[in-house]
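*Asks:* Sharing a model that was predicted from the sequence below.
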Amino acid sequence: MAYKYGVGISHLEFWVKDLEESLGFYSRLFPLIGWYELNRTSFSCGVHELYFKEVPLQLHDSLGVRHICFHATSREMVEQVGEWLQSINADIIRGPQAMPDYSDAYYTVDFRDPNGFVLEVAYTPDIKL
């Protein structure tokens with residue numbers, strides 16, 4: 001029997017300070033970018049899974065992943081995320097805006113989630129993976 005998935009990342013686990021606050025944020029963000037709920041604490045885009053676990057630790061600066069970028073399927077999707085972020089007074093780092101230094105069509109919004117994690121939603125039609 002062939003394995004269903006190819007090589008890549010299976011899942012990401014986010015340790016969060018307040019599970020309910022994080023779930024409230026992501027349960028509203030993810031439908032905007034095409035992700036869906038697998039169960040109360042897990043979400044998927046059909047290829048990858050991201051899940052949340054409340055851990056009673058303080059956030060510390062450390063080496064590691066700087067941010068996670070989610071694919072957007074259009075500039076309009078990035079705009080919609082930006083509008084939602086503005087409506088909840090989220091910590092927007094930049095955007096929505098074009099990033100011509102990256103590529104001609106790169107369009108992004110960068111922001112922090114309730115835990116301070118840096119996230120990006122970007123439309124990148126001319127980027128080769």
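*Replies:* Right, received. Where do you want to start? Numbers count the residues shown, from 1 in each chain.

*Asks:* Pull the number of nearby residues for E120.
*Replies:* E120 has 19 neighbouring residues, counting by other Cβ atoms under 10 Å. To be clear about C-beta, it is placed using only N, CA and C from the backbone, and glycine gets the same treatment.

*Asks:* now V118, nearest residue through space, not along the chain?
*Replies:* Excluding its sequence neighbours, the residue lying closest to V118 (Cβ to Cβ, 6 or more residues apart in numbering) is H67, at 3.7 Å.

*Asks:* Name all residues that make contact with the one you found.
*Replies:* If you count contacts by Cβ atoms under 8 Å, 6 or more residues apart in numbering, H67 has them with 110, 117-120.

*Asks:* Would you reformat these as JSON lines and include pLDDT and secondary structure?
*Replies:* Formatted as JSON lines, the contacts of H67 follow (pLDDT from 0 to 100; DSSP: H, G, I helix; E, B strand; the rest coil):
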{"residue": "D110", "pLDDT": "96", "secondary structure": "strand"}
{"residue": "F117", "pLDDT": "90", "secondary structure": "coil"}
{"residue": "V118", "pLDDT": "93", "secondary structure": "strand"}
{"residue": "L119", "pLDDT": "95", "secondary structure": "strand"}
{"residue": "E120", "pLDDT": "95", "secondary structure": "strand"}
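
*Asks:* If any of these are buried, give me the ChimeraX selection for them.
*Replies:* Only the buried members of the contacts of H67 enter the following ChimeraX selection, criterion being 16 or more other Cβ atoms under 10 Å:
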select :110,117,119,120
